[in-house]
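> Predicted coordinates and the sequence they were generated for:
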Amino acid sequence: MGSLFRSEEVCLVQLFLQSDSAYNCVSELGELGIVEFRDLNPNVNAFQRKFVGEVRRCEEMEKTFAFLEQEIGRSLSPSLRGPLQPPVPTPPAPQPKELLTIEEEGERLARELKEVAGHSCNRTSTISLLCFNIGPTFVPLSQCSGSWFWNQCHAFPPKKVFLFVAGVVHPWKVPAFERLLWRACRGYIIVDFRDMEEKLELPETWKIFLISYWGDQIGQKVKKICDCFHTQTFAYPEGVAERGEILSGLQGRIEDIRSVMSETEQYLQQLLLRALVVLPQWKVRVQKCKAVHLVLNLCSPSVTEKCLIAEAWCPVNQLPAVQSALREGGRKSGSGVDSFYNRLPTTVSPPTLFPTNSFTAGFQNIVDAYGVASYREVNPALYTTITFPFLFAVMFGDVGHGLLMAVAALWMVLEEKDPKLRNNTNEIWRMLFGGRYLILLMGLFSVYTGAIYNECFSRRLSPFTSSWHIAPMATHYNWTYTTPLLTLDPNITGVFTGPYPFGIDPVWGLASNQLTFLNSYKMKMSVIIGIIHMTFGVSLSFFNYMHFRKFSSVFLVLIPELVFMLCLFGYLVFMVIFKWIAYGPADSNTAPSILIHFIDMFLFVENKENPNLFEAQVSSNFSMYCLFILNMSAIHLCDLCITEHEFDATNEFMHQAIHTIEYCLGCISNTASYLRLWALSLAHAQLSEVLWTMVMRNGLSSQSYMGSVFLSVVFAGFAVLTVSILLVMEGLSAFLHALRLHWVEFQNKFYSGTGYKLNPFCFSSVISVSLGNV
């Protein structure tokens, strides 16, 4: 947990990699994923580096693999859904001989697939051409358009010799084709169009046409028009026997080709299955090889060209693992000289590294979205794991809504190892799935705060007996059923028996002043929570000052800021809590106004009509005001006292004055900002109440026989509106406001966020990027 409180110690190391073992050493470091390499060749073009040839070779293999994967997705039966998943565990980076084998096998497999696909395409075109020929041949002359075609042929002089042209044409060309034939041939032709009955291998539909004409000149016109419209024309024998022979021959050829295509398809499936088995491993190994050579391009050769020199950031506690990886890389290469590292002194601020797991990653991402922590700075994510879902729940508190959210998040947590969920490429889903533990805690905390508010889908729960009783009031005031308004007086014996065991008494759900009571309660609660949260943030700066050895800042910055905060807002919280304790129902009418006291403290006046909360309050107010002014002045002058270099007094004075005003006004502004806890909680409760009153109550009020059917429909609408408005929209609104309270009101008290992440060279990250799971 110490590493989550403060980033791990990181150092700069210089790696001396022997030329014959550099590849394996970097490969071992990639498997560990603990070092971030620096570019030692910033002025060298990417196309002029030493290992650019190997990188291009890997990219060419990746193109081949992309073609194979495309063919698998298009032609494999049954079809494959989604991208190919990497094998578990992933294979190591290939040695040069293994890479050559992968390259040759991949190219041979791709070449065979292209040949098979080409043959299959050619045979499909041949079958379609034969089907075009069968279509016109299969049409008997006497059946063309009933008997009309045959009758028209007999209408011509008997000595005329009729010639025929048959073929197929696209349906959308038929009107223009027929019109041009008729006009060009002046009506000396007979044309008939029919739908093709033979099912084609291609998706296009075609129309069969049969043209009868006489005369060579008309025949030439017909052929030219057919060529112009890109029709497929075939010989059409007039004799039935001749057409039968042609038809039988064509059908036989089609059956032969389809038999060959069936065998080709079986062979194609065998190739695809073989590719499906080896392709995931090939992809991973080539990706690792490419990543290793990209890292080697960051290295610079030594003077003797016998080794490569690299610089990398590495966690100090992982240095033994780095040395072990270098030794293992040398052993795999059979190198007689081991690679080694040296620690380098540096004035550059090292990168920040917080080791996270599936639980803490979501909270760390929230903090990093504002700014990555400076090196060895206190990490807010440790406390955000609790404070973020809690502040969210203060605004979202409802037992029912929180339970729905928690159940949905719990399902994602239980199914987190499912590859379909982890590798889903939908961006919104990946955000939700990555924050599943955050959503789970938000739901559980919402159940807790909802139980305190005593709200479940805007309805009150009664797990315990109410502390308010009507019977003593009825006896004391002689109430009857005609009394329009019943007021419960806690000063009458037996009316109020003590605080409710947990949360808000359900009787407040029936009170006409319910909203007034809840507003007062939630407003004061929001201010108290906000001041505690900000004071805690100011206190955390103590650990930063102590770690960076800024001891003077503890006395000249931290303590004045803390006293300023406590004298102003801590005193306000004290008065609120003191008033709750000191004044009960019996003397509530004489309770003083805290607002008036707070204003009088700054005006140096005493209001006789507003009694003091306690004795010596006037002197306490004066003391707090003096401390407030003194510490504001101390904050103003602190930097002038601790500055070690020469400076312009006027500029420094003005700069610190601006800083002081910013801090003082920021504290007031930030305190007011926490009132959003009250506002959003009230809005959520009122929306829930409106949704129940306007929708669900109508379904429950039906007394007819169809009431159950009507209730089912109403409940469906109520469920949809609850999820879409109260869970999604209101939940997102509360999330964003909680995010603002942490980023601005909490983190600006101690957190600079000016660092940068350690991005280690890691094979698992390379594979995740290739799958789109960034």
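Good, I have the coordinates.

> So Gly192 versus Leu271, what's the distance?
Let me fix one detail, which is that residue 192 is Asp and not Gly. Noted for Asp192: a distance of 46 Å to Leu271, by C-beta to C-beta, to the nearest Å. C-beta: built from backbone N, CA, C; applies to glycine.

> hmm, I was thinking of Gly584
Look at Gly584 and Leu271: by C-beta to C-beta, they are 87 Å apart.

> Next: Phe574.
80 Å.

> Looking at those two, which one has more neighbours?
Leu271 (22 against 14; other C-beta atoms under 10 Å).

> Need the pLDDT of the more buried one.
Leu271 is assigned 81 on the pLDDT scale.

> shaky segments in the stretch 1-150 of the chain?
Scanning the stretch 1-150 of the chain for pLDDT under 70 picks out the ranges 1-2, 76-83, 118-150.

> Let's see that with 50 instead.
Applying pLDDT under 50 to the stretch 1-150 of the chain picks out residues 1-2, 138, 141-150.

> Helices of that one, start to end?
In the stretch 1-150 of the chain, helices defined by DSSP state H, counting those that start in this stretch lie at 2-5, 22-32, 52-75, 96-138, 148-155, listed in chain order.

> Excluding chain neighbours, what is closest to Phe750?
Excluding the flanking residues, the one nearest Phe750 by C-beta to C-beta, 6 or more residues apart in numbering is Ser541, at 3.8 Å.

> which stretch of helix or strand covers that neighbour?
Element membership for Ser541 (DSSP states H and E) is helix 514-547.

> Would you mind pulling up the elements that the helix or strand following that helix packs against?
Using DSSP H and E, the helix or strand that follows helix 514-547 in sequence is helix 551-553. Applying 3 or more C-beta pairs under 8 Å, 6 or more residues apart in numbering; DSSP states H and E, we find helix 551-553 packed against helix 617-642.

> same question for the next helix or strand after the helix it packs on, mean pLDDT?
Per DSSP H and E, the first helix or strand lying C-terminal to helix 617-642 is helix 649-673. Average pLDDT, helix 649-673: 79.

> buried residues in the very next helix or strand once past helix 649-673?
Downstream of helix 649-673, the next assigned helix or strand under DSSP H and E is helix 676-691. Residues of helix 676-691 classed as buried by neighbour count (16 or more other C-beta atoms under 10 Å): Arg676, Leu677, Trp678, Leu680, Ser681, Leu682, His684, Ala685, Leu687, Ser688, Leu691.

> Distance check, Val576 against Ala582.
11 Å.

> When these two are compared, which one has more neighbours?
Taking neighbours as other C-beta under 10 Å, Val576 and Ala582 compare with Val576 leading, 14 against 11.

> Spatially nearest residue to that one, not counting backbone neighbours?
Lys524 (5.5 Å).

> Same question for the helix holding Ser541: list its buried residues.
For helix 514-547, a neighbour-count test (16+ other C-beta under 10 Å) marks 518, 522-531, 533-535, 537-538, 540-542, 544-545 as buried.

> can you give me the strands for this structure?
Secondary structure of the chain, counting by DSSP state E: strands at 10-18, 36-37, 163-169, 189-195, 207-213, 232-234, 300-301, 307-315, 340-344.

> Can you list the strands that the first one pairs with?
Strands flanking strand 10-18 in the sheet, each with its direction: strand 307-315 (antiparallel), strand 340-344 (antiparallel) (DSSP bridges).

> quick one, it and helix 22-32 angle?
Strand 10-18 and helix 22-32 are oriented at 150 degrees to each other (axes from the mean of the first three to the mean of the last three C-alpha atoms, to 10 degrees).

> centre of the chain versus strand 10-18, how much separation?
Distance of strand 10-18 from the chain centroid (C-alpha atoms, centre = their mean, to the nearest Å) equals 36 Å.

> Okay, buried residues for it please.
Val10, Cys11, Leu12, Val13, Leu15, Phe16, Leu17, Gln18.

> show me the contacts for the first one.
Val10 is in contact with Trp313, Cys314, Pro315, Val316, Pro350, Pro351, Thr352, Leu353, Tyr375, Leu758, counting by C-beta atoms under 8 Å, 6 or more residues apart in numbering.

> Of these, select the buried ones using a PyMOL command.
A single PyMOL command selects the buried members of those (16+ other C-beta under 10 Å):
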select buried, resi 313+314+315+350+351+352+353+375+758
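
> which among the contacts of Val10 gets closest to Ser458?
Minimum distance to Ser458 across the contacts of Val10 is 44.8 Å, recorded for Thr352 (C-beta to C-beta).

> I figured the closest one hits Ser374, correct?
Yes - with contacts counted by C-beta atoms under 8 Å, Thr352 reaches Ser374, the gap being 7.0 Å.

> anything in contact with each of the two?
Contacts common to Thr352 and Ser374, judged by C-beta under 8 Å, 6+ apart, are Gly755.

> okay, and for this structure, where does confidence drop off?
1-2, 138, 141-150, 153-154, 159.

> spatially speaking, which residue is in the middle of this protein?
Centroid check for the chain by C-alpha atoms, centre = their mean gives Met431 as the closest residue, at 2.5 Å.

> any idea how far that one is from Gln14?
From Met431 across to Gln14, the span is 40 Å (C-beta to C-beta).

> can you check Ser752 too?
From Ser752 over to Gln14 (counting by C-beta to C-beta), the distance is 29 Å.

> ok, Val277 - how many residues close by?
9.

> I meant Trp214, not that one.
Here the number of neighbours of Trp214 (other C-beta under 10 Å) works out to 17.

> I figured it was touching Tyr188, is that so?
Yes - if you go by C-beta under 8 Å, Trp214 and Tyr188 touch, sitting 7.1 Å apart.

> will you turn the strands of the chain into TSV that also has distance to Cys626?
Listed next are the strands of the chain as TSV, based on distance: least, C-beta to C-beta, whole Å:
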stretch	distance to Cys626
strand 10-18	47
strand 36-37	53
strand 163-169	102
strand 189-195	102
strand 207-213	101
strand 232-234	104
strand 300-301	64
strand 307-315	50
strand 340-344	53
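
> Select, out of those, the one closest to Val44.
Proximity to Val44 (C-beta to C-beta) singles out strand 300-301 among the strands of the chain, at 9.2 Å.

> so how far is the closest one from its chain's centroid?
Worked out by C-alpha atoms, centre = their mean, strand 300-301 lies 40 Å from the chain centre.

> For it, which helices and strands make contact with it?
Contacts defined by 3+ C-beta pairs under 8 Å, 6+ apart place strand 300-301 against strand 307-315.

> chain center to the strand it packs on: distance?
The answer for strand 307-315 is 34 Å, by C-alpha atoms, centre = their mean.

> Now do it: everything it contacts.
Against strand 307-315 from outside (C-beta under 8 Å, 6+ apart): 8-19, 22, 34-38, 40, 295-296, 298-302, 322, 339, 344, 350-351, 353, 758, 761.

> The stretch 401-550 of the chain: helices as residue ranges?
419-422, 427-434, 436-453, 471-477, 514-547.

> and of the ones you listed, who's closest to Val394?
helix 436-453 (5.7 Å).

> one step back: what's the closest of the strands of the chain to Val407?
Distance to Val407, taken as C-beta to C-beta, is lowest for strand 307-315 among these, at 38.7 Å.
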